[in-house]
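Engineer: only the shape, not the letters, is given here:
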């Protein structure tokens, strides 16, 4: 705001809201006003939920997931198959796979991908922790669910090298046509991969 | 999330963030994860700012603005021209006019517009308070800065009637071509108004 028209509390709220991904300076103002109008229904509960998350959420020391418990609920869930570890770049990928609900396995969050240009080498990721988890035994399969980008694939190759000497099956996600996707809009690489991995109808 | 993968604190944070205008269910998850990762730089300060706003922000009993003080900073600012009241529908309009920084006047927030179909009559708005403020004297001009919608204009006409018997000049915002606007994209009503109110170059 060009002039001071309200106490610093409101301006500070707008400034901080503008840093939330998905909100810009303009929508932060709109959001702040909406929150102030819904003080009891939304602003209060959200302030409480944020304070709660701030105080209670931690990173799981086993897999890198975020949770209020350490080890996290997934790592301690006895119904999960401890023999399968799905390796992901980020917690958001873990959440996406959980929403798909396809596998009842455990996870390992790398915290990124190898990217020498950005100064991210093996030591910046949780690769050693993954190797340690596998060496402890009991793991029969490691699924490399990294993104299908150059960095993701480089990281996958590096992980394969690191795990090569162990008695563990290493798999990766299938390439192919996205469900609901139109061929016309797909790139040649995806189409070629989908043709190569075609299955009996 | 389809299964429980984290403590209820994170799910509650996502659910509440999804209610913030500008964020949907998908971006709420992304925002929650970003906040958790930036616990000290963003999540903590934002939780504090929201608690602060919840505890301190109130509606100005004079003009309807939101502020931590009542009467608000604008109503108590001695540098503001108390003789001019700019009537707006909502606090967001007040903020927009303040950002434009064109006038050094005081405001009156109606809290909406007359809309009989939605059950909003004069008693649901702060019309009586406005009439009272003007009757108290010292006000020479009331600027009706309501939106150029049917309901806005109906409200403006109603306000004009209510203030007609008082010694006060009633004005409205000029219609015309938006600064930076292209004629080709403007509706006929705006163009006709801009032509009618043309000024010497």
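Structural biologist: Now that the structure is in, tell me what you want to look at. Every value quoted in this text rests on a predicted model; they were computed, and no experiment measured them.
Engineer: pull out the buried residues from whatever helix or strand residue A:36 lives in.
Structural biologist: Secondary structure here is read from DSSP states H and E; on that basis residue A:36 sits in helix A:25-37. The neighbour-count criterion (16 or more other CB atoms under 10 Å in any protein chain shown) identifies A:27, A:28, A:29, A:30, A:31, A:32, A:33, A:34, A:35, A:36 as the buried residues of helix A:25-37. No exception for glycine: its C-beta is placed from N, CA and C like everyone else's.
Engineer: how about the contacts made by the third one?
Structural biologist: Residue A:29 makes contact with A:14, B:92, B:95, according to CB atoms under 8 Å, 6 or more residues apart in numbering or on different chains.
Engineer: let me have the residues you listed in JSON lines, extended by secondary structure, pLDDT and distance to residue A:23.
Structural biologist: Output for those, formatted as JSON lines (DSSP: H, G, I helix; E, B strand; the rest coil; pLDDT from 0 to 100; distance: CB to CB, whole Å):
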{"residue": "A:14", "secondary structure": "helix", "pLDDT": "93", "distance to residue A:23": "10"}
{"residue": "B:92", "secondary structure": "helix", "pLDDT": "91", "distance to residue A:23": "15"}
{"residue": "B:95", "secondary structure": "helix", "pLDDT": "89", "distance to residue A:23": "16"}
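Engineer: among these, which one sits closest to residue A:189?
Structural biologist: Nearest to residue A:189 among those: residue A:14, at 43.8 Å, using CB to CB.
Engineer: quick one: the closest one from residue A:44, how far?
Structural biologist: Residue A:14 is 18 Å from residue A:44, where distance means CB to CB, to the nearest Å.
Engineer: grab the longest strand from chain A for me.
Structural biologist: In chain A, assigned by DSSP state E, the strand with the most residues is strand A:81-88.
Engineer: tell me which residues of that strand come out buried.
Structural biologist: So strand A:81-88, judged by 16+ other CB under 10 Å, has buried residues A:84, A:85, A:86, A:87, A:88.
Engineer: wait, what's in contact with the closest residue to residue A:18 other than its chain neighbours?
Structural biologist: If you skip the residues right next to it in sequence, residue A:18 has residue A:28 as its closest partner in space, 3.8 Å away by CB to CB, 6 or more residues apart in numbering or on different chains. Taking CB under 8 Å, 6+ apart as the criterion, residue A:28 is in contact with A:14, A:15, A:17, A:18, A:20, B:22.
Engineer: hmm, stretch A:65-81 in reach of chain B?
Structural biologist: Yes: remark: stretch A:65-81 sits within contact range of chain B at A:65, A:66, A:67, A:68, A:69, A:72, A:73, A:74, by CB under 8 Å from any CB of the partner chain.
Engineer: thinking again about what came up before, report the distance from the helix holding residue A:36 to the chain centre.
Structural biologist: In terms of CA atoms, centre = their mean, to the nearest Å, the gap separating the centre of helix A:25-37 from the centre of its chain is 28 Å.
Engineer: give me the secondary structure label for the closest residue to residue A:39 other than its chain neighbours.
Structural biologist: Nearest residue to residue A:39 in three dimensions, chain neighbours excluded: residue B:54, at 5.8 Å (CB to CB, 6+ apart). Using DSSP: H, G, I helix; E, B strand; the rest coil, the secondary structure recorded for residue B:54 is helix.
Engineer: was I right about residue B:54 contacting residue A:42?
Structural biologist: No: under the criterion of CB atoms under 8 Å, residue B:54 lies out of contact with residue A:42, with a separation of 9.8 Å.
Engineer: right, and residue A:36 touches residue B:57 too?
Structural biologist: Yes: applying CB under 8 Å as the test, residue A:36 and residue B:57 come out as touching, 5.4 Å apart.
Engineer: identify the contacts common to the two.
Structural biologist: Common contact partners of residue A:36 and residue B:57 (CB under 8 Å, 6+ apart): A:10, B:66.
Engineer: distance of the residue lying closest to residue A:92 once chain neighbours are set aside relative to residue A:103?
Structural biologist: Across the structure, with CB to CB, 6+ apart as the measure, the residue nearest residue A:92 apart from its sequence neighbours is residue B:33 (5.5 Å). When CB to CB is the yardstick, residue B:33 and residue A:103 sit 21 Å from each other.
Engineer: likewise residue A:11?
Structural biologist: Here the criterion is CB to CB. By it, residue A:11 lies 46 Å from residue A:103.
Engineer: now do the domain split for chain A, please.
Structural biologist: A:8-56, A:66-172 (automatic domain parsing).
Engineer: okay, how far is it across the longest one, tip to tip?
Structural biologist: In other words, domain A:66-172. Taking CA to CA, to the nearest Å, the span from the opening residue of domain A:66-172 to its closing residue is 24 Å.
Engineer: run the chain-centre distance for it.
Structural biologist: Distance, centroid of domain A:66-172 to centroid of chain: 11 Å (CA atoms, centre = their mean).
Engineer: re the thing from before, can I get the contacts of residue A:29 in TSV with neighbour count and distance to residue B:170?
Structural biologist: Rendered in TSV, the data for the contacts of residue A:29 read as follows (neighbours: other CB atoms under 10 Å in any protein chain shown; distance: CB to CB, whole Å):
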residue	neighbour count	distance to residue B:170
A:14	22	33
B:92	15	23
B:95	22	23
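Engineer: which one of the residues you listed is nearest to residue B:147?
Structural biologist: Where the contacts of residue A:29 are concerned, and distances follow CB to CB, residue B:147 has its nearest neighbour in residue B:92, at 10.8 Å.
Engineer: tell me where chain A has helices.
Structural biologist: A:8-17, A:25-37, A:44-56, A:73-76, A:91-100, A:127-135, A:150-163, A:188-196 (DSSP state H).
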